[in-house]
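>>> Below is the sequence, then the predicted model.
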Amino acid sequence: MLVIMTLLVPIFADTKGFAAHWALSGEVGAHDPTLIKEGNSWYAFSTGPGISVLKSDNGSNFYRVPQVFLTQPSWWKQYAPGLTGDRTLDVWAPDVKSYNGRVWLYYAISSEFGKNISAIGLASASSVGAGSWRDEGVVLTSNTSSNFNAIDPELVIDKDGNPWMAFGSFWSGLKLTRLDKNTMKPTGNISSIAYRPTGDHEIEAPAITYNAQTGYYYLFASIDKCCSGANSTYKIVYGRSKNIAGPYVDKNGVSMMNGGGTILDAGNDRWRGPGGQDIYNNIIVRHSYDATTPKGDPKMLISDLNYDSAGWPTY
Ligand code: CA
């Protein structure tokens, strides 16, 4: 593995930014983190029982605070019947954003890993600090007759202030749908924004950000194999588009609908399988498996997200 990484790094020049992450301390165990700041407080929500929450008072030292859901909302089992026993509160890949005077927390529940019997749910609060989450119910569902998996939600606000939701994992790829400004739930059609035509169609975890300086929307996604500790081959790719609905193209002009995506981060000897990313202003957060721990523990990494002179993202 060491030999392979040594050979790969010079080829994929964009992976060299992997080291440029913030020095974090305390409790940083996380999978699929999403970040928000209120005043001087930072909050990272992530995959875990009832949605795991880490808090920091300075942006560097994090500690664990109570999870969002202490009990299972009554409607979950209707869409994810597998959520029983030790999976009763199993929530995946949340997305937190502030919009229109409230904080919106999208999340996914799924009946079984690798199946698309899933749902995206929503909770909201006047602020994270207020700590009183309101169950907003179901947002979108999928089942075995769907050509997508309703997980990995991402709230996106377009340049005109309208809300959209990106989502998706495997199957026919990453999707986008308009949201109603009041309900924050889908209105209208679902369109496709990224697809990998080959293999197991391993693409998930969309994160979209608009850069007013470049005039582009940037779509980040995770490709290849997650969730295998230090053996994960997960990596972060990106493309850009003048239109939120795409087409998103990579540096080589290949559409992300046709397997395109320039590698932002493929990890290094220590930090394996980076992915499950989220963008907060000009910050990118993701997990990566720490190969210096016996089990390759997933940990949260945060970096400044910059743009080069040609308007492409870089660490
Ligand atoms: Ca997100």
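Now that the structure is in, tell me what you want to look at.
>>> How about the residues of the stretch 1-150 of the chain by the ion?
Thr34, Asp95 (Cβ under 5 Å from the ion). C-beta: built from backbone N, CA, C; applies to glycine.
>>> What ranges does the stretch 1-150 of the chain have for its helices?
2-11, 76-79 (DSSP state H, counting those that start in this stretch).
>>> averaging pLDDT over each of those, which comes out lowest?
For these, mean pLDDT drops lowest on helix 2-11, to a mean of 41.
>>> near the ion, which residues of the stretch 151-300 of the chain?
Glu154, Ala207, Asp278.
>>> Report the beta-bridge partners for the nearest residue to the first one once chain neighbours are set aside.
Looking back up the chat, that one is Glu154. Residue nearest to Glu154 in three dimensions, not counting chain neighbours: Ala166, with 4.2 Å by Cβ to Cβ, 6 or more residues apart in numbering. Assessed by DSSP bridges, Ala166 has beta-bridge partners Glu154, Leu176.
>>> pLDDT score for Ala166?
Predicted confidence (pLDDT) for Ala166: 99.
>>> go on, Ile190?
pLDDT recorded at Ile190 is 98.
>>> Could you check how far Arg178 is from the ion?
Distance, Arg178 to the ion, using Cβ to the ion, to the nearest Å: 17 Å.
>>> Leaving out chain neighbours, which residue sits closest to that residue?
Leaving aside its sequence neighbours, Arg178 sits nearest to Gly188 (Cβ to Cβ, 6+ apart; 4.9 Å).
>>> Which strands or helices does the helix or strand that neighbour falls within pack on?
Element membership for Gly188 (DSSP states H and E) is strand 186-194. In this structure, strand 186-194 makes packing contacts with strand 174-179, strand 203-211, strand 216-223, judged by 3 or more Cβ pairs under 8 Å, 6 or more residues apart in numbering; DSSP states H and E.
>>> Report the separation between the nearest residue to Gly260 once chain neighbours are set aside and Glu154.
Distances taken as Cβ to Cβ, 6+ apart place Val254 nearest to Gly260, at 3.2 Å, with adjacent residues excluded. According to Cβ to Cβ, to the nearest Å, Val254 and Glu154 sit 22 Å apart.
>>> cool, and Cys227?
19 Å.
>>> who's more crowded, those two?
Neighbours were counted for Cys227 and for Glu154 using other Cβ atoms under 10 Å; Glu154 has more, 27 against 16.
>>> buried stuff in stretch 281-292?
Counting neighbours by 16 or more other Cβ atoms under 10 Å, one finds that the buried residues in stretch 281-292 are Ile283, Ile284, Val285, Arg286, His287, Ser288, Tyr289, Asp290, Ala291.
>>> Equivalent analysis for stretch 142-156, please.
For stretch 142-156, a neighbour-count test (16+ other Cβ under 10 Å) marks Ser142, Ser146, Phe148, Asn149, Ala150, Ile151, Asp152, Pro153, Glu154, Leu155, Val156 as buried.
>>> Go through those residues and name the one nearest His21.
Glu154 (21.2 Å; Cβ to Cβ).
>>> Contact partners for the closest one?
Asp95, Tyr106, Met165, Ala166, Phe167, Pro206, Ala207, Ile208, Asp278 (Cβ atoms under 8 Å, 6 or more residues apart in numbering).
>>> coming back round to it: strand partners of the strand holding Gly188, parallel vs antiparallel please.
Its sheet considered, strand 186-194 pairs with strand 174-179 (antiparallel) by DSSP bridges.
>>> Just the CA atoms of the partner strand, as CSV, please.
The C-alpha coordinates for strand 174-179 follow below in CSV (Å, rounded to 0.1, in the frame of the first residue of the first chain):
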residue,chain,number,x,y,z
LEU,A,174,-27.0,12.0,-7.7
LYS,A,175,-30.2,14.0,-7.9
LEU,A,176,-31.5,17.5,-7.5
THR,A,177,-35.0,18.8,-6.7
ARG,A,178,-36.5,22.2,-6.0
LEU,A,179,-37.8,22.8,-2.5
